[in-house]
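Asks: Sharing a model prediction with you, sequence too.
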Amino acid sequence: MSMRVHLVVGYIHKEICDRMIDAVQSIADELDCRMGRVVWIPGSLEAPLAVKELIERDRPDAIIVFGVQEQGATKHGEVIAHQATSKLLDLQLQYRLPMAIAIIGPGATLEHAKEKAVRTAKKALHAAVHMVKLTHDFGTEPLVQSTETDAFPS
């Protein structure tokens, strides 16, 4: 089953997010994924609307959100990260569509975000693929608990 995964990506930290896109594209074939649309948005707060539009207009098998919530002098970034994540999780449940939220931060330095970008992106794609397979199995297989730890690379 080849699955189609769309990306919603913040352009404020485009260099870091480009690394994340390259990382998922490099492993997509081995995970039987077709990378679909890449939708560029200003930042995390715009992600819920972009995700909702993608779901309603072009329902993919999964969506991954990439971004960086950089460390700032105030708690503003934390508020943004919490609100965006909350709304994205609401959409995931409302539409029953697997979604991986790979927003590095809040509170990340740019150096830290650069270091984490590739690993975070690959883990997000693995998580999305896992959840697509799991949700497809819900209708046909009994649910079993798995203790597999190799589903997500370290």
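Replies: Arrived safely. Numbers count the residues shown, from 1 in each chain.

Asks: Could you list the low-confidence segments of the protein?
Replies: 1, 139-154 (pLDDT under 70).

Asks: Remind me which helix or strand residue 72 belongs to.
Replies: Here residue 72, judged by DSSP states H and E, is contained in no helix and no strand.

Asks: So which residues of the chain form strands?
Replies: Counting by DSSP state E, the chain has strands at residues 3-10, 33-41, 62-70, 99-108.

Asks: Could you find the closest non-adjacent residue to the residue nearest the centre of the chain?
Replies: By CA atoms, centre = their mean, the chain has its centre lying nearest to residue 64, at 2.6 Å. Spatial nearest neighbour of residue 64, excluding adjacent residues (CB to CB, 6 or more residues apart in numbering): residue 100 at 4.6 Å. Every residue, glycine included, has its C-beta placed from N, CA and C.

Asks: still on that earlier bit, for residue 115, which of the strands of the chain is the nearest?
Replies: strand 99-108 (9.5 Å; CB to CB).

Asks: Just the C-alpha atoms of the closest one, please, in PDB.
Replies: Included here for strand 99-108 are C-alpha records, laid out as PDB according to Å, rounded to 0.1, in the frame of the first residue of the first chain:
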ATOM      1  CA  MET A  99      -0.500  13.600  11.500                       C
ATOM      2  CA  ALA A 100       3.000  14.000  12.800                       C
ATOM      3  CA  ILE A 101       3.900  17.300  14.300                       C
ATOM      4  CA  ALA A 102       7.600  17.900  14.000                       C
ATOM      5  CA  ILE A 103       7.900  21.500  15.200                       C
ATOM      6  CA  ILE A 104      11.300  21.800  16.900                       C
ATOM      7  CA  GLY A 105      11.000  23.700  20.200                       C
ATOM      8  CA  PRO A 106       9.600  25.700  21.800                       C
ATOM      9  CA  GLY A 107      12.800  27.200  23.200                       C
ATOM     10  CA  ALA A 108      15.200  25.700  20.700                       C
END
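
Asks: From the contact counts, what lies against that strand?
Replies: Identification of packing neighbours for strand 99-108 by 3 or more CB pairs under 8 Å, 6 or more residues apart in numbering; DSSP states H and E yields strand 62-70, helix 76-95, helix 110-138.

Asks: All set now, cheers.
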